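Asker: here's a sequence, model it:
(chains A, B, C and D, ligands or ions: 4)
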Amino acid sequence: MSELVIPYRTEPHPVTGVTSGKLGIWLFLASEVMLFGALFSSYVLLRVGVLQEHWPLGVEAGLNVPIGTFNTIVLITSSITMVMAWASLKMDNVGAYKKYFAATIALGLLFLVIKGFEYGDKFSHHIFPATGWPGAGDPSPFYGLYFTFTGLHALHVALGILVNLWLLIWGTALFKTDPECFTGRIEIAGLYWHFVDLVWIFLFPVLYLL
Amino acid sequence: MSDTHDELGFWRTYVFSTDHKTIGIQYGITALVFLFFGFSLMMMMRWQLAYPGEAIPIIGGLLGESSVDKGAMLPNFYNQLGAMHGTIMVFMGIVPLAVGAFGNFVVPLQIGAVDMAFPRLNMMSYQAFVIGGIVMLSSFFLPGGAASSGWTSYAPLSITATTGQTFWLIGMIFLIASSLLGALNFIVTILHLRAPGLTFFRLPFFVWSQLVTAFLLLLAFPPLQAAAVFQLMDRLAGTSFFLPSGLVVGGEPLAAVGGGSPLLWQHLFWFLAHPEVYVLILPGMGIVAEVIANNTRKPLWGYRPMVYSLLFLGFLSFGVWAHHMYMTGMGTTMSTFFQITTMIISIPSVIILTCLAISLWGGAIRFTVPMLFALAFLPMFGIGGLTGLPLGLAAPDAHFHDTYYVIGHFHYVVAPGTIFAMFAGIYYWYPKATGRALNVTLGKLHFWLSLIFMNGVFMPMMFEGMAGVSRRLFDPTIYEHGAAVHGLTMMTSWSAWCLALAQIPFIINFFMSMRKKERAQENPWQATTLEWATPTPPPHGNFTEPPVVYCGPYEYSVPGAPNDFTPQHVKRES
Amino acid sequence: MNEPQYGWWLPPDVSVNGADIDFMIIAIHWFMLVLFIFWGGFIAYCLVRFRERPGHSATYQLIEAKWNRWLEIGVAVAETVVLVAFAVPVWATIKNDLPDPKQDPTVIRVVAEQFKWLFHYPGKDGTFGRTAPEFYADDNPAGLDDDDEAGWDDITVRGLRFPVGKPVLARLTSKDAIHSFKLPVMRVTQDVVPGMEIAIWFEAKETGQFQVACAQLCGLGHYEMKADLIIQSPEDFQKWLDEEHDALGLDE
Amino acid sequence: MNESELAHFKQHLRVYLAVFIALAVLTVVTVAISYLDLPTGYAITVAMVVATVKAFLVAGYFMHLVTEQKVIHWLLALSAAFLVFLFVLPLVTELGNGPLWTG
Ligand code: HEA
Ligand code: HEA
Ligand code: CUA
Ligand SMILES: [Cu+2]
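Answerer: Ligands and ions are numbered 1, 2, ... in the order given. Here you go, the predicted model:
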């Protein structure tokens, strides 16, 4: 039933100058901005709400800054490989694209694994979302925020990985028949991926360093 | 449609269709059923309010003893019904009907598109809506029943509430996802798929209203999504985003970290919920504009001012939400700020209503059934909107806050306001959707009875509110000022039940007319907008040849034109 | 005490601020009525005069209405006037003019819990005893700390009493959910938010027996969360305080 | 794409690499600064400034915002405006809201 030809899938619209897909993903990202914006604004409100001595620095709260830093680098690297994957397609070099894209996915997984170890470490120290700081019963929602923020972000990373995997394994075939369209899809996947990276760029200092 | 049937088979055609018209109709039926269900919940509550502690006739016997005691309603069941009525009506009734149904069916037709920009996304949006709806309804069968903390789900109450609240949150997350996908799709469709020649100021007002609505949904919903996640964490993982320290519930200290803020929830909720109320009304205004232009047989008066007001309204609606929170004890600086923005935002509504009213001047007004509903919308929304003004000022709100005056205020805008607009839309586009015309006599019967009883339901609430009777009261008569207005309560309840009876002609009409032999013409209302340029009912792909637009949306009674209506896709000679 | 008359309109008003609020309510409703009748009349007129009938056809030309601009501006002006002249100043008085010790206000701690009100008076020494959640008990609903002498003569009751003609300073706290402290006859509504102590003031100008209501959904018993509101002459109030004090039996 | 375009496109790759390096460096910088433990106020300002710069680099170059169409810019401007509402209004309101829920 969807054999209909719906215009501006691959060619940009004369007025807006972008393809429908691109406009769509940007609209989605705009709503994501509001989603994470709400998280951060809540963070600010809660932080000024509690007494300052109830608010730990990331280090004090036992967050591992070196690991966090490393993870940041991992995510940034995955971003550049993502761009390269797209660029390779532009220069229709499918081989390079495959390598870069696979690397992106791998780095994404690495990020999740590391995050997983961080969680495990917290749990082993009996630190859970419901834990107060410095000790149980102290009124600071810090750990709650930490787990919720990173958890939600990790969810986004996982989602991105799934989509990318699908594109890499089943999607790529499209490149032979309709390179324009497929390159567009990779660009869209990229936009999402970079946004997730961008969110982390704020999450990291807010949770680990401040 | 006909030929595509065999190609695709039953499932792809009716259940997992990606055709915007089918999806629109799916949305419509589902939403109407939910509307009626939400109404039924309320009719039970109205019994308890009219005859406190007396056994509910018929239904009372069927309910479990967790909800009724010897047929008489229990307080916690009352609270469940209230919360679910609100949730169902807003998120599962009006929004899917106004945006999902009318948006999906009409917008692509009116802009001359073959379909929505992302048909598969469209289908997913409907499926998410259905899942959300099922989750919500299933919560009635949980131990402890459905959510019972009001549709506003204020923390901390909602966090110490039973499992129903968890389902409410999960259901909301699905409904929100559905709305986001839909909104995104509408914006791209309207920006990209307009027929050649259909410039922005040639768009029918309805399309404009859907565009603004889509932006409201897209940008206002995510914060509630975040809030829902927070509340889920509070309930399931023991965090305390919304829980301050030292809570003692039922004599037992609450095991929670504390350090959270109950008001944070309210901010995140109302950041959505005020734009949401405009989501409830704008599509309705759009429909009314269409119907009025068509039945006055002349162009809308002040089309551009209306569009600008719409945009302004949409933008500012993100900056007034705390007028729902005057009584939480905010400082006077901020309450002044929100009083000012609230007064400002009422002006565009005044402008739109003024333009619609003046549009009647100089017309040749046909009192068709959709027109009747559209005309009734004006004063009904007028009452609802005007009663918003005293609420918008903190000092009077100190008396009205959370009284039946508020209930009366917003029901006047959503029930005889939006619901009437929805009915107008149904009567107006039904022939296009089904290829059959609705029966006029039944329609008029439905209209007059609904009009009478709608006012019978909601006008008394204004006076109850004046008397200071609080809302969400299982039994208002335990207060002296509550007992004093019991006569009005009775009137409301009986009107509500009669209002339900008044829907019977509609339901009969709705289903019987489909079976009619004779088909409706392509353009029964002699309208100008593009949806009437399609065959009836429109086939998959809508237009026989892609339309080109030559003029504005409401070219009625053009001097020297052959007919009293000049369709947008007809080139005018000369 | 005079029996309050409740009806289908505003409840009786026995507060010093209520008059302003009522005035605004009435004024705005007249304004609304005028607008509504004007528009309603206009619409009705159009419906009759421009109804479809043989020999009458619509005019494509839109009328040059200027007056609607004036109407809209009029609405805007009216709203501005209400805002500047009444809403903001009145609300400022109600919220901000908390009585200072010189006016010696009747200070009362109001503690809300599912689904009861508790009213806590400082007693003869005029100071509240220390309270903390961990001390809450059935015989100590206010959570008073026994080690704090200031609290020994404190009076905690389930009905609200205060003297007429003298400002009351109420400090609102909640143990569990959000409640809303509503005195219909005083035109007072204030949400009681757990984790915050919110101070409000009001003053009665008549004595009488009324009700305290809870205006915010707070659970099953929200509907029955009412309390007596007894406004007394200063003498009667003092008498009541003394009785309550003796009832504490501190002397022996 | 043809030769000249390709050559032109190769320029981009260098830019991407530069951005990547900048991001990595800035990450190290923020972390380094955090070890100086400045007074909270400064620490927050600095960290947020750096983060914002990084954000702009990512959005500007990886997400091609610098060369993107106007619609997208307007869209982001709109959500940015609402974001400001969402950050400022609740905060100001609750700060003016008597004692905070310090617990
Ligand atoms: C569609 C829904 C809708 C709409 C359009 C509105 C519109 C408005 N609302 Fe309403 N409101 C709600 C839905 C809506 N509201 C809901 C659901 C609640 C309760 C939530 C809850 O607590 O559960 C609520 C609650 C609510 C409150 C909180 C009350 C309280 O809890 O204490 C306030 C306070 O400012 C308010 C104000 C306004 C204002 C100023 C407008 C303005 O936009 C109105 C502007 C319109 C006009 C000024 C009318 C113009 C007409 C004329 C001038 C002439 C008309 C006459 C003829 C045509 C004959 N509303
Ligand atoms: C869009 C929103 C909406 C709508 C349309 C309605 C419609 C109605 N509401 Fe609703 N109501 C709310 C939103 C809405 N309500 C909210 C948000 C609350 C607050 C909840 C809370 O306290 O948390 C509330 C609370 C509320 C209360 C207060 C309860 C309390 O505080 O204790 C009452 C009391 O009478 C009430 C009554 C009604 C009535 C009689 C209708 C009637 O107008 C219903 C009219 C419905 C119809 C006429 C049905 C039309 C559909 C059909 C005819 C179906 C046909 C079917 C097919 C063709 C398949 N509502
Ligand atoms: Cu306490 Cu309602
Ligand atoms: Cu509102």
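Asker: now do stretch B:216-229: distance to the chain's middle.
Answerer: Chain-centre distance of stretch B:216-229: 17 Å, with C-alpha atoms, centre = their mean, to the nearest Å.
Asker: check stretch A:84-97 too.
Answerer: Distance, centroid of stretch A:84-97 to centroid of chain: 22 Å (C-alpha atoms, centre = their mean).
Asker: end to end, how far does that stretch reach?
Answerer: 7 Å (C-alpha to C-alpha, to the nearest Å).
Asker: one more: stretch B:390-410?
Answerer: 13 Å.
Asker: hmm, that stretch touching chain C?
Answerer: Yes - using C-beta under 8 Å from any C-beta of the partner chain, stretch B:390-410 comes into contact with chain C via B:390, B:393-396, B:398-399, B:401-403. No exception for glycine: its C-beta is placed from N, CA and C like everyone else's.
Asker: which parts of chain A are helices?
Answerer: A:20-49, A:65-90, A:94-124, A:142-166, A:174-177, A:179-204 (DSSP state H).
Asker: can I get these in TSV with mean pLDDT, mean neighbour count and distance to ligand 1?
Answerer: Formatted as TSV, the helices of chain A follow (pLDDT from 0 to 100; neighbours: other C-beta atoms under 10 Å in any protein chain shown; distance: least, C-beta to the nearest ligand atom, whole Å):
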stretch	mean pLDDT	mean neighbour count	distance to ligand 1
helix A:20-49	94	22	20
helix A:65-90	95	22	41
helix A:94-124	96	17	39
helix A:142-166	96	19	27
helix A:174-177	90	12	45
helix A:179-204	95	22	32
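Asker: same list (those) but as a markdown table, adding distance to C:Val110.
Answerer: Output for the helices of chain A, formatted as a markdown table (distance: least, C-beta to C-beta, whole Å):
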| stretch | distance to C:Val110 |
| --- | --- |
| helix A:20-49 | 23 |
| helix A:65-90 | 47 |
| helix A:94-124 | 42 |
| helix A:142-166 | 31 |
| helix A:174-177 | 68 |
| helix A:179-204 | 42 |
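Asker: out of the residues of stretch B:390-410 next to chain C, who's nearest A:Leu109?
Answerer: Nearest to A:Leu109, judged by C-beta to C-beta, of the residues of stretch B:390-410 next to chain C is B:Asp402 at 51.0 Å.
Asker: count of neighbours near the closest one?
Answerer: Using other C-beta atoms under 10 Å in any protein chain shown, B:Asp402 is surrounded by 24 other residues.
Asker: for C:Asp97, which of the helices of chain A is the nearest?
Answerer: Closest among the helices of chain A, using C-beta to C-beta: helix A:20-49, at 27.2 Å.
Asker: hmm, the closest one touching chain C?
Answerer: No - using C-beta under 8 Å from any C-beta, helix A:20-49 stays clear of chain C, coming no nearer than 9.1 Å.
Asker: and that helix, is it in reach of chain B?
Answerer: Yes - using C-beta under 8 Å from any C-beta, helix A:20-49 comes into contact with chain B via A:20, A:23-24, A:27-28, A:30-32, A:34-39, A:42, A:45-46, A:49.
Asker: show me what contacts B:Ser513?
Answerer: Listed by C-beta atoms under 8 Å, 6 or more residues apart in numbering or on different chains, the contact set of B:Ser513 reads B:430, B:434, B:436-439.
Asker: swap in 7 Å and give it another go.
Answerer: When contacts are counted by C-beta atoms under 7 Å, 6 or more residues apart in numbering or on different chains, B:Ser513 is found next to B:436-439.
Asker: sorry, back to before: closest to B:Ile281 out of the helices of chain A?
Answerer: Using C-beta to C-beta, the nearest of the helices of chain A to B:Ile281 is helix A:20-49, at 21.7 Å.
Asker: tell me the bridge partners for whatever residue of the stretch 151-252 of chain C ends up closest to ligand 1.
Answerer: Nearest residue of the stretch 151-252 of chain C to ligand 1 (C-beta to the nearest ligand atom) works out as C:Thr189 at 8.7 Å. On the basis of DSSP bridges, C:Thr189 takes part in beta bridges with C:Lys182.
Asker: per-residue pLDDT, residue 133?
Answerer: Since you didn't name a chain, this refers to chain A. Reading off the confidence values, A:Trp133 has pLDDT 75.
Asker: correction: the question concerned chain B.
Answerer: 97.
Asker: surely it is in contact with B:Val33?
Answerer: No - counting by C-beta atoms under 7 Å, B:Gly133 sits too far from B:Val33 to count as a contact (9.4 Å).
Asker: out of these two, which sits in the busier spot?
Answerer: More crowded of B:Gly133 and B:Val33, by other C-beta under 10 Å: B:Gly133, with 24 against 13.
Asker: ok, that one - contacts?
Answerer: B:34, B:92.
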